[in-house]
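Undergrad: turn this into a model:
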Amino acid sequence: MDKEDNITGGSLQVEPASPQNRGAGPEKDLESAHTIGHDSFGQLGLLLITSFNCGYILSFSNLMLVPLGWIWGVISLILVGVITFYANWLLSEFHFVDGKRFIRYRDLMGHLFGRKMYYVTWVLQFSLLILGNMGFLLLGGKALKEIDSQFSDSPLRLQYFVVLTGVSYFVFALLVPTLSSMRRWLGISMVLTFTYITILLVVVFRDGRSNKDRNYDIIGSNNFSKVMNGFGAISAIIVCNSSGILPELQSTLRKPAIANMKKALYLQFSVGLFFYYGVSIVGYWAYGSAVSAYLPEEFSGPKWASIMINAISFVQSIISQHMFIAPIHETLDTKFLKLDKSIHSRENVKNLLLLRATVFTGNTLVTAAFPFMGDFVNLLGSFTLIPLTFVFPSMIYIKVKGKSTRLEKKVWHGGIIVLFSLLTIATTISAIRSIVRNVRQYNLFADT
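TA: Predicted coordinates:
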């Protein structure tokens, strides 16, 4: 019998070893239009690997390393990667509290800290997911515009491609309404992911070997500007490693859900991290401080490679973006669908059509109006993702284990809460500063 299945400490009741029975035990109060307790750790691990190696990695050389340089950049990549893994591992331990399974982050925070924290978590998560989806829409639009530019000296405006990307995401969300139903698509996503990353690395290595004029100077008009840019880079590194929706992802796992979530995290922070860090480092090495916020813009050729990378990353993003928007779909589906009927019933399909259209129409319109890709990444990594990833898990630990744990552990988690609360303030100021600067430079619906 698995040791973790029977440990109880304080008010923490770790997952029981008995089989899942709907209507009894920790699952008795669960209600969701989406599948709970069904998937293997391999399926979720593959989802994490492919989703975190989405088109976002094409902007990370610019966002993470240019503001920090080699020394601080590599140190930050390592430190943030380690602490992010630890924070996610810690949060996975609290999937069961007081004998109840929590399939939503906001439900867990509301149970432990009251109704106010329920809504704070709800706002942070949904802001994160909406901003993240806007980033995906921009990346998809950029990829399509890059393809168009290979065939025309005057490509269409970015907004046309953002709309086309939104339509593609909408169709996929209709065909694949839940995370569990993505199983058949993950193999395709894996092939697409490693195909475009392989071609990308070959092209970037070739460019790097021939590029003799690159430099790695940290860009900034003064020291304050460099510090603010550095905080923005830390936000991007956090985005690179964390989703802010771990309880929602963990809810899809079959028992033992805690052990299976940890196995999935091991896959993300080994195989997944190797590739998204690798692409970021190689891109910075090849092009230096001048590397674009969208890496394929730097390619010197061949033409077919640029077309393939952009086309494959666009198709892959249709699949990978679904993980980061699924909790919003789950909330709306649970609220408005008929839970006593199949999700594919005629009435539920009509409601799905309306719900998905509402989400993607609103997101696409805002994205087309404010096409500032890097600022979306930094903003969602600052005031939303830092608390969800670092501050809240330590708050949960102190609340649940505070009476039984040692003093040094309380001090450790208290220090994490203070440190990352201050980091939230600093990175949010940095992100807002960048947005204000770009709003002054661009008009609404700018063709960036």
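Undergrad: how close does the most centrally placed residue in the chain sit to Ala426?
TA: Centroid-nearest residue in the chain, with C-alpha atoms, centre = their mean: Ser243, separated by 3.8 Å. Counting by C-beta to C-beta, to the nearest Å, the separation of Ser243 from Ala426 is 22 Å. Yep, even glycine has a C-beta here, placed from its N, CA and C like the rest.
Undergrad: just to revisit the earlier point, is it true that the residue nearest to the centre of the chain touches Met323?
TA: Yes. At 7.3 Å, Ser243 and Met323 qualify as touching, with contact defined as C-beta atoms under 8 Å.
Undergrad: give me the common contacts of those two.
TA: Taking C-beta atoms under 8 Å, 6 or more residues apart in numbering as the criterion, Ser243 and Met323 both touch Ser51, Leu249.
Undergrad: does anything pack onto the biggest helix by length in the chain? Which helices or strands?
TA: Taking DSSP state H as the criterion, the chain has its longest helix at helix 115-151. Counting contacts by 3 or more C-beta pairs under 8 Å, 6 or more residues apart in numbering; DSSP states H and E, helix 115-151 is packed against helix 105-113, helix 158-175, helix 303-336, helix 346-369, helix 373-379.
Undergrad: and the angle from the longest one to helix 115-151?
TA: Using axes from the mean of the first three to the mean of the last three C-alpha atoms, to 10 degrees, one finds that helix 303-336 and helix 115-151 are set 150 degrees apart in direction.
Undergrad: the nearest residue to Ala357 once chain neighbours are set aside - how many residues pack around it?
TA: With sequence-adjacent residues excluded and distances taken as C-beta to C-beta, 6 or more residues apart in numbering, Ala357 is closest to Phe170, at 6.5 Å. For Phe170, the count of nearby residues is 18 (other C-beta atoms under 10 Å).
Undergrad: and for the one 5 residues further on?
TA: Burial of Leu175, expressed as a neighbour count using other C-beta under 10 Å, amounts to 9.
Undergrad: distance of it relative to Met109?
TA: Distance, Leu175 to Met109, using C-beta to C-beta: 33 Å.
Undergrad: then Ser289?
TA: Separation of Ser289 from Met109 (C-beta to C-beta): 41 Å.
Undergrad: next: Leu47.
TA: 24 Å.
Undergrad: show me the shaky parts of the stretch 251-400 of the chain.
TA: Low-confidence segments of the stretch 251-400 of the chain, defined by pLDDT under 70: 372-381.
Undergrad: just the CA trace of stretch 402-417, in PDB.
TA: This file holds the C-alpha atoms of stretch 402-417, laid out as PDB (Å, rounded to 0.1, in the frame of the first residue of the first chain):
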ATOM      1  CA  GLY A 402       0.900  25.000  11.200                       C
ATOM      2  CA  LYS A 403       0.000  23.300  14.600                       C
ATOM      3  CA  SER A 404       2.000  20.200  14.000                       C
ATOM      4  CA  THR A 405       5.000  21.400  11.900                       C
ATOM      5  CA  ARG A 406       8.400  22.500  13.200                       C
ATOM      6  CA  LEU A 407       9.200  26.200  13.700                       C
ATOM      7  CA  GLU A 408      11.900  26.300  11.000                       C
ATOM      8  CA  LYS A 409       9.300  25.100   8.400                       C
ATOM      9  CA  LYS A 410       6.900  27.900   9.500                       C
ATOM     10  CA  VAL A 411       9.700  30.400   9.100                       C
ATOM     11  CA  TRP A 412      10.600  29.000   5.700                       C
ATOM     12  CA  HIS A 413       7.100  29.300   4.400                       C
ATOM     13  CA  GLY A 414       6.500  32.700   6.000                       C
ATOM     14  CA  GLY A 415       9.700  33.900   4.200                       C
ATOM     15  CA  ILE A 416       8.400  32.600   0.900                       C
ATOM     16  CA  ILE A 417       5.100  34.500   1.400                       C
END
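Undergrad: how far out from the middle of the chain is stretch 265-275?
TA: Distance of stretch 265-275 from the chain centroid (C-alpha atoms, centre = their mean, to the nearest Å) equals 14 Å.
Undergrad: start to end distance for that stretch?
TA: One end of stretch 265-275 sits 15 Å from the other (C-alpha to C-alpha, to the nearest Å).
Undergrad: buried residues in that stretch, which are they?
TA: Leu265, Leu267, Gln268, Phe269, Gly272, Leu273, Phe275 (16 or more other C-beta atoms under 10 Å).
Undergrad: contacting residues around that stretch?
TA: 41-42, 45-46, 48-49, 52-53, 57, 81, 84-85, 88-89, 92, 193-194, 197, 241.
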